[in-house]
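1. next one to model:
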Amino acid sequence: MDKLKNIKQIIFDADDTLWENNIYYVQAVESFVKLISRGGFSEAEIEHEFDEFEKQVVKERGYGSVNFVYILEEIYKMYLKRGLVPDNQNFEKIVKRFIEHPVTPPNMFDGVAETMEYLKRKYDLFILTKGDQEEQEGKILRSGLDKYVVEYFVKAEKDDETYRALIDEYSWQPEQTCMVGNSPKSDINPALRAGMFAVHIPYRDTWKMDMEPIQSVDGKLIVLQKFNDLNTIF
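-> Numbering: from 1, shown residues only. Below is the predicted model:
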């Protein structure tokens, strides 16, 4: 693709771009909502309160599995105070099933390793993710994808400032840099605003808090359906 001919470095989001991640959160929330609703509470009400408390916790404590479990525990306590009959055994099963997922090798999407092996021959590759340093780094190392990248970055947030700071620190030219990710809010829009190219690979279970309208800038947005479609444009 002609408009990508000057690209020198490609940055990849990690969760839900290289491997599945949010699906485990979605499954835990669905099980949790069903558990609480058995006490006669509205599923819509539970979901709303979960979403609102999650926004608060992310703002105050950051991202990651530990904080997600904290949200589950606090909302469970809240409903116990409202008269929910305790079902600690099933609640603990939900938490246990969730916390087991980060310690397994990430479930990578089809063709990720092969595509990165191919791209490594032509470009400098990087991984940019947000969240807890130990948790995110662990996933990267267990995936084995660290061997394909020059460097990986774990940031507390992925916003305009994050992208511009990387550009400045590594003396990249924005028009020679491309971001690949699933999140409009964390991957695509801030990269475009920083002057980069961006490849959006939508994921069916992208986190609610990562969703927002995509703002295409100067024709620098490309949308693909799956990760190994990158072979067709680079």
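
2. name the strands paired with the longest strand along the chain and say parallel or antiparallel.
-> Looking across the chain with DSSP state E, the single longest strand is strand 124-130. Paired neighbours of strand 124-130 in the sheet (DSSP bridges): strand 9-12 (parallel), strand 151-155 (parallel).

3. ranking those by burial, who's on top?
-> strand 9-12 (a mean of 23; mean count of other CB atoms under 10 Å). For every residue, glycine as well, the C-beta is placed using N, CA and C.

4. pLDDT averaged over it - what is it?
-> In this model, strand 9-12 has an average pLDDT of 98.

5. what does that strand rub up against?
-> 18, 116, 119, 123-128, 149-150, 166, 172, 176-181, 191, 234 (CB atoms under 8 Å, 6 or more residues apart in numbering).

6. kindly export it (C-alpha atoms) in PDB.
-> Taking C-alpha atoms only, strand 9-12 is exported to PDB below (Å, rounded to 0.1, in the frame of the first residue of the first chain):
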ATOM      1  CA  GLN A   9       8.400   1.300  13.000                       C
ATOM      2  CA  ILE A  10       5.100  -0.500  13.900                       C
ATOM      3  CA  ILE A  11       3.700  -0.400  17.400                       C
ATOM      4  CA  PHE A  12       1.300  -3.100  18.600                       C
END
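
7. from the chain's centre, how far out does that strand sit?
-> 15 Å (CA atoms, centre = their mean, to the nearest Å).

8. please indicate which of the contacts of strand 9-12 are buried?
-> Using 16 or more other CB atoms under 10 Å as the burial test, the contacts of strand 9-12 include 18, 116, 119, 123-128, 149, 166, 172, 177-181, 191, 234 as buried.

9. low-confidence ranges, this protein, go.
-> Filtered on pLDDT under 70, the chain yields the residue ranges 1.

10. need the strands for it, in chain order.
-> So, for the chain - with DSSP E - the strands run 9-12, 124-130, 151-155, 177-181, 197-200, 221-223.

11. and the lengthiest helix in the chain, what's buried?
-> Longest helix of the chain, by residue count under DSSP state H: helix 43-61. Within helix 43-61, the residues that count as buried by 16+ other CB under 10 Å are 46, 47, 49, 50, 53, 54, 57, 58.

12. tell me which residues are up against it.
-> Contacts for helix 43-61 (CB under 8 Å, 6+ apart): 29, 32-34, 36-37, 67, 70-71, 74-75, 78-79, 208-209.

13. what about the nearest residue to residue 214 once chain neighbours are set aside, how many residues nearby?
-> Nearest non-adjacent residue to residue 214, counting by CB to CB, 6 or more residues apart in numbering: residue 184, 4.8 Å away. Using other CB atoms under 10 Å, residue 184 is surrounded by 20 other residues.
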